[in-house]
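Asker: here is a sequence together with a model predicted from it:
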Amino acid sequence: MPFQTLTLRPSPQKRMCALLCCLAATGFAADPTHVPTANPKKPGIVQADVLSPELYQVALAQGAIAVENPTSLIGFYGYNTDGPMMPAPGDSPSATHKVEASKTEPDKNTYLILRNQKGPDANYSYGTHFLFQGHETGLNGYLTRINLDADGAHRVTLMADRDINNKPLPLMDGSTWYPWSSRLLLTAELGANGGVWQATTDFPSQVEDISGITGRGGYEGIQADSSGNLIIAEDVGGAAGAKSPQAKQPNSFIYRLIPNDTSDLRKGGKLQALQVIGRSGSPIVFHAGDADGDILSQNVRDLHTYGIVLRTTWVTLHDTAQDGFVPFDANALAKAKFATPFKRPENGVFRPGTNFTEYYFDETGDTDNRTQAGSDFGGFGSVMKLTLIANSDAGSIQLFYLGDVNHTGFDNVAFWSKDRLVFVEDRGDTLHTQANALDSGFMFDVTANYGVAAAPQPIRILAQGRDPSATIDSGFLGMTGFNNDGDNEITGIHVSDGDATVNGILGAKEPTLFTNGWRLFYTGQHGNNVTYEVKSIQ
């Protein structure tokens, strides 16, 4: 009997499983399953986080973890030392009595793989994987490092709470890694007192105020392109209109810094602001004293209408070669130079694989469902697509996604893959109560046209809950002497492989999340102040 080869054919189900496993191994797994609803906000009710069933999260640090090198004000990752971590039963706040410690809210996360990092313990090996964050609230600003390879006693290091001139750091919001000068860049969302600070990653970190180059503004999101230019998103709320009391005048700008020397940002450069040319042929500009006119203008409607593409350019606000290095009010200059205001564009990111020619940024909007602006005028926020031309000031802008009451308050952002973009909400306590919905994280397909009736809806990958601490805090809101928040805002969402070289800046590589060293982090700010890593079940 001749030898015969027997071919075993797997079932269709097994073949599909093998295909999905193969896709997952290369970082291109199918989209996560949609979480049907947001978590409701109910008085006194704790809600658990709900992720897509393909995902789970692991706590890396929480507010109660003691920093290994405390000060008199900073003793813990997410708490100051000015009160107890939990209110005593029956206690109530007053103007002279604090029922609980100030929560410091670790904000944006920046993940880096670094060698030879030191810390307060000269005899300890801190590993190579680190997550940095500034702190947005509390008694003063500071920079922390989560040592991902370390034990509990060395898990969180206080890197700095003062600058090189011994001045207290401001409350910090945004952060990014700038590999050309090997510095972290930290932003302060403090209007005329805000700006950009640069910090070394060694211990203790050397922090410098470089706002004489970047200007002062309500800066939040900050990202570099492949030439070392910086795009900065500003979050400054505008005036309410007399006829539109729940709507706010567009009052924030998108900036670009072109440095003279990428190896040392202290050597100056040009700060510019984005100008959008309306369909009339004139720039869309801020009108002082006419909040109602701007809130409900045709230009603002055009910016928030699908299919309308408007020309853009960059206008120079300040050049250190002519204007010097004294810190200046960037927001005021942007208005004077006829740049275009937006409705709180908190964060933005470059799309991978586009050679830094596509930049997506959000508008948080009015975070009030009574807004007279409605969706048509950006009252519920939006996602904008800015198309840039290399080595040119020219470009274009168009609406990518128009927010509504169910998808609103967009804040932090990260690319999951080349074509998948994740925005997370910061609705705030007012809108949480109005809509009976806590924050969510949504995945968008950047190849989709969300302006057509048949467009898919964004995928909710995270329905944020509310931990016991935030639930207790919610009961104190509005009381005199209480200064903490009553929710768990999703912040600091960050996808990175930790590459600290120029090739590792966000947007340079196409992420293959959960493989090849690519990791996903976010923080459930407020409440217990927990920073998580999200992982795949596969």
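Answerer: Alright, I've got the coordinates.
Asker: can we go C-alpha only for contacts and neighbour counts from here?
Answerer: Noted.
Asker: now Glu100: how far from Phe350?
Answerer: 40 Å (CA to CA, to the nearest Å).
Asker: these two - which one has more neighbours?
Answerer: Set Glu100 next to Phe350 and count neighbours by other CA atoms under 10 Å: Phe350 wins out with 27 against 23.
Asker: now that one. Nearest residue, chain neighbours left out?
Answerer: Distances taken as CA to CA, 6 or more residues apart in numbering put Tyr359 closest to Phe350, at 4.3 Å, once the chain neighbours are dropped.
Asker: tell me which element that neighbour falls in.
Answerer: Following DSSP states H and E, one finds Tyr359 within strand 358-363.
Asker: partner strands of the strand or helix carrying Leu462, parallel or antiparallel?
Answerer: Leu462 is part of strand 459-463, with elements assigned from DSSP H and E. Applying DSSP bridges to the sheet, strand 459-463 is found paired with strand 50-51 (antiparallel), strand 440-445 (antiparallel).
Asker: list every C-alpha atom in that strand, with coordinates, as PDB.
Answerer: Extracted in PDB, the C-alpha atoms of strand 459-463 (Å, rounded to 0.1, in the frame of the first residue of the first chain):
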ATOM      1  CA  ILE A 459     -16.700  52.500  19.800                       C
ATOM      2  CA  ARG A 460     -16.900  53.000  23.600                       C
ATOM      3  CA  ILE A 461     -13.900  51.100  24.900                       C
ATOM      4  CA  LEU A 462     -14.100  52.400  28.500                       C
ATOM      5  CA  ALA A 463     -17.100  53.400  30.600                       C
END
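Asker: tell me the helix or strand right after the helix or strand where Thr312 lies.
Answerer: Thr312 belongs to strand 309-319 when assigned by DSSP H and E. Remark: after strand 309-319, the chain's next helix or strand is helix 320-323, criterion DSSP H and E.
Asker: please enumerate residues in contact with that next one?
Answerer: With contact meaning CA atoms under 8 Å, 6 or more residues apart in numbering, helix 320-323 is reached by 213, 268-270.
Asker: other SSEs contacting the helix or strand following that helix?
Answerer: Per DSSP H and E, the first helix or strand lying C-terminal to helix 320-323 is helix 330-336. If contacts are counted by 3 or more CA pairs under 8 Å, 6 or more residues apart in numbering; DSSP states H and E, helix 330-336 sits against strand 309-319.
Asker: show me what the strand it packs on pairs with in its sheet, parallel or antiparallel.
Answerer: strand 269-276 (antiparallel), strand 395-402 (antiparallel).
Asker: what average pLDDT does the helix or strand just after the last one get?
Answerer: So the one you mean is strand 395-402. Where DSSP H and E defines the elements, the next helix or strand beyond strand 395-402 is strand 410-415. Average pLDDT, strand 410-415: 98.
Asker: what angle sits between the next helix or strand after strand 410-415 and strand 410-415?
Answerer: Under the assignment DSSP H and E, the closest C-terminal helix or strand after strand 410-415 is strand 420-425. Interaxial angle of strand 420-425 relative to strand 410-415 (axes from the mean of the first three to the mean of the last three CA atoms, to 10 degrees): 160 degrees.
Asker: angle of strand 420-425 against strand 358-363?
Answerer: Using the same axes, to 10 degrees, strand 420-425 lies at 20 degrees relative to strand 358-363.
Asker: hmm, who's touching strand 420-425?
Answerer: 407-416, 439-446, 489-491, 493.
Asker: so what's Asn449 closest to, chain neighbours aside?
Answerer: Using CA to CA, 6+ apart, the closest residue to Asn449 is Ala455 (6.2 Å).
Asker: and if you look at Asp302?
Answerer: Nearest to Asp302 is Ile308, by CA to CA, 6+ apart, at 6.7 Å.
Asker: all strands of the stretch 151-300 of the chain, in order?
Answerer: 156-160, 175-178, 183-188, 195-199, 207-209, 219-224, 230-234, 254-259, 269-276 (DSSP state E, counting those that start in this stretch).
Asker: format those strands as TSV; extra columns: mean neighbour count.
Answerer: Output for these, formatted as TSV (neighbours: other CA atoms under 10 Å):
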stretch	mean neighbour count
strand 156-160	25
strand 175-178	26
strand 183-188	26
strand 195-199	26
strand 207-209	23
strand 219-224	28
strand 230-234	26
strand 254-259	24
strand 269-276	25
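Asker: now mean pLDDT and distance to Thr96 too, for those strands, in a markdown table please.
Answerer: Listed next are the strands of the stretch 151-300 of the chain as a markdown table, based on pLDDT from 0 to 100; distance: least, CA to CA, whole Å:
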| stretch | mean pLDDT | distance to Thr96 |
| --- | --- | --- |
| strand 156-160 | 98 | 29 |
| strand 175-178 | 98 | 35 |
| strand 183-188 | 98 | 28 |
| strand 195-199 | 98 | 32 |
| strand 207-209 | 98 | 34 |
| strand 219-224 | 98 | 32 |
| strand 230-234 | 98 | 34 |
| strand 254-259 | 98 | 41 |
| strand 269-276 | 98 | 44 |
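Asker: I'd like the ones you listed as TSV, with distance to Ala38 appended.
Answerer: Shown next, in TSV, are the strands of the stretch 151-300 of the chain (distance: least, CA to CA, whole Å):
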stretch	distance to Ala38
strand 156-160	32
strand 175-178	28
strand 183-188	30
strand 195-199	34
strand 207-209	40
strand 219-224	26
strand 230-234	27
strand 254-259	30
strand 269-276	35
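Asker: between these, which one is nearest to Gly498?
Answerer: strand 175-178 (10.0 Å; CA to CA).
Asker: contacts for that closest one next, please.
Answerer: Looking at what lies outside strand 175-178 - CA under 8 Å, 6+ apart - the contacts are 108-110, 133-134, 183-187, 221-224, 228, 500, 502, 505.
Asker: just give me the neighbour total for Ala288.
Answerer: There are 11 residues near Ala288, going by other CA under 10 Å.
Asker: His494 bridge partners, please.
Answerer: For His494, the beta-bridge partners are Phe521 (DSSP bridges).
Asker: ok, it to Thr531 distance?
Answerer: Taken as CA to CA, the span from His494 to Thr531 is 11 Å.
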